[in-house]
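Asks: Got a sequence here, can you build the structure:
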Amino acid sequence: YADVYVINTCTVTHMSDRKSRQYIRRMKKKNPNAIIAVVGCYSQVSPEEILDIEEVNLVMGTNERRQIVEEIKKIDATNKVSTVDDIMKVRAFEEIEISQTNGRTRAFIKIQDGCDRFCTYCIIPYARGGKVRSRDLESIVSEVEKLVLNGYKEVVLTGIHVASYGKDVRDENINLLTVIKAINEINGIERIRLSSVEPVLFTDEFVNEVSTMDKVCPHYHLSLQSGCDETLKRMNRRYTTKEYKEIVDRLRENIPNVAITTDVIVGFPGETNDEFNKTYEFLKEIELSQMHVFKYSPRKGTPAATMENQIDPQMKQFRSEKLLNLNKENFNKFAGKFIGQEIDVLFEQSIAENTYEGLTPNYIRVIVKSDREIHGEILKVKLTDIKDEYVEGTLV
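Replies: Down below sits the predicted model:
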């Protein structure tokens, strides 16, 4: 058993809070003499609540995490200490460097922190800070170069609001496109992918630039949240469904075989049957390749938590299931276009004996049989059959 357990928490939903508390107690049972340190978003938003948990010894938030070893050295399993400060006052991106990694496939590179959008349902700006902090470009390039030495072939650029990269930098020529271009020039990296981004990022200039870079994957996760303009307005989302569709069309016109995935929230306060039906019809019309569907979860401290006309759980479940069924239809349509084609797949893991799983550039999950170890390799696969959320194939 470990002498110290560091638990990194999430607070996006009530379920994530509950899972964090369960994990804290489970680790203490493994070793009653262990130091339990809790970090992350849940501890940033509710440090007193975390510290009140009997098993917790140290609470740190989403800043100054590189000091965790020094903080742990100061205490033992009988102490209770919180170092959480006001995240809204943080102005600089916190660098946490890596020197060595394990694995050989996809690496997630955090390039940005903070979010000043303040969507009415979201607790993240209060947990990660409302000030945008961008990571230094040289630091990003250096980390990617280290990942290449460790055998990684794909990097995913992540952040709390990654489209805001460079917003806090005085040089107006520094933006997300600058980062993508720099990584595209690094030998050894074969794929560049973006995490969730707001649709307004995809201007004509941005789409034209990325369409010419062969390492940038033809897959974009465009956060939607609702296909109804009235709901989007209550959510404080800064686009309309018309604008969203124009961006989807722009990507499809300029990038062959592009996959567009999204997030959708059902049961947002005040969402009427008519509003939900608008969302359903909108998503049916634009036929995105995959959707992540979330049932709205009130977060204390956000404007939406106190809005009138909260939706009951049964209605949220019904709407969720309806969109999930549509998601299956849309995925089948999208994946069906590639059945019989030969596509490069980066194999990420073995899921059973002689069975491997990987991703195409446009984010189709593929499973194949192989008599030899292929983890970490990019190999050509003929796609043969669609299953629930993946496609079967054979190595060429």
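Asks: C-alpha from now on. contacts and neighbour counts both.
Replies: Will do.
Asks: for the lengthiest helix in the chain, which positions count as buried?
Replies: Assignment by DSSP state H gives helix 313-336 as the longest helix of the chain. Buried residues in helix 313-336, counted by 16 or more other CA atoms under 10 Å: 316, 319-320, 323-324, 326-332, 334-335.
Asks: go on, stretch 389-396?
Replies: Tyr390, Val391, Glu392, Gly393, Thr394, Leu395.
Asks: Using the three-state scheme, assign the fifth one.
Replies: Assigned with DSSP: H, G, I helix; E, B strand; the rest coil, Thr394 falls in the strand class.
Asks: Show me the beta-bridge partners of it.
Replies: As for beta bridges, Thr394 partners with Lys382 under DSSP bridges.
Asks: Looking at the buried residues of stretch 389-396, spot the one nearest Val84.
Replies: Tyr390 (42.1 Å; CA to CA).
Asks: Please report the distance of that closest one from Ser289.
Replies: 12 Å (CA to CA, to the nearest Å).
Asks: Spit out the contact partners of Val169.
Replies: Listed by CA atoms under 8 Å, 6 or more residues apart in numbering, the contact set of Val169 reads Ser134.
Asks: Need phi/psi at it.
Replies: Backbone geometry at Val169, expressed as degrees, to the nearest 10, gives phi -100, psi 140.
Asks: Output the buried residues of stretch 389-396 as TSV; include the columns distance to Glu70 and pLDDT.
Replies: Formatted as TSV, the buried residues of stretch 389-396 follow (distance: CA to CA, whole Å; pLDDT from 0 to 100):
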residue	distance to Glu70	pLDDT
Tyr390	45	94
Val391	48	97
Glu392	49	96
Gly393	50	96
Thr394	51	97
Leu395	50	96
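Asks: Could you provide those residues in a markdown table, with additional columns for distance to Ile192?
Replies: Output for the buried residues of stretch 389-396, formatted as a markdown table (distance: CA to CA, whole Å):
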| residue | distance to Ile192 |
| --- | --- |
| Tyr390 | 21 |
| Val391 | 22 |
| Glu392 | 24 |
| Gly393 | 23 |
| Thr394 | 25 |
| Leu395 | 23 |
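Asks: can you give me the helices for the stretch 1-150 of the chain?
Replies: 14-30, 41-45, 47-51, 68-73, 124-128, 137-149 (DSSP state H, counting those that start in this stretch).
Asks: From the chain's centroid, how far away is the last one?
Replies: What that stands for is helix 137-149. 20 Å (CA atoms, centre = their mean, to the nearest Å).
Asks: and Val345, what element?
Replies: strand 342-352 (DSSP states H and E).
Asks: Distance check, the closest residue to Ile378 other than its chain neighbours against Lys153.
Replies: Closest residue to Ile378 apart from its sequence neighbours, by CA to CA, 6 or more residues apart in numbering: Leu346 at 4.3 Å. Distance from Leu346 to Lys153, counting by CA to CA: 8 Å.
Asks: Next, the contact list for the residue nearest to Ile378, please.
Replies: Thr105, Gly358, Leu359, Thr360, Gly376, Glu377, Ile378, Leu379.
Asks: Let me have the residues you listed in a markdown table, extended by pLDDT, secondary structure and neighbour count.
Replies: Below are the contacts of Leu346 laid out as a markdown table (pLDDT from 0 to 100; DSSP: H, G, I helix; E, B strand; the rest coil; neighbours: other CA atoms under 10 Å):
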| residue | pLDDT | secondary structure | neighbour count |
| --- | --- | --- | --- |
| Thr105 | 76 | coil | 22 |
| Gly358 | 94 | strand | 26 |
| Leu359 | 95 | strand | 19 |
| Thr360 | 97 | coil | 20 |
| Gly376 | 88 | coil | 20 |
| Glu377 | 91 | coil | 18 |
| Ile378 | 94 | strand | 19 |
| Leu379 | 96 | strand | 16 |
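Asks: can those go into a markdown table with extra columns for distance to Lys28?
Replies: Below are the contacts of Leu346 laid out as a markdown table (distance: CA to CA, whole Å):
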| residue | distance to Lys28 |
| --- | --- |
| Thr105 | 33 |
| Gly358 | 36 |
| Leu359 | 37 |
| Thr360 | 41 |
| Gly376 | 36 |
| Glu377 | 39 |
| Ile378 | 42 |
| Leu379 | 44 |
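Asks: Helices of the stretch 201-350 of the chain, residue ranges please.
Replies: 204-210, 229-235, 241-254, 273-286, 313-336.
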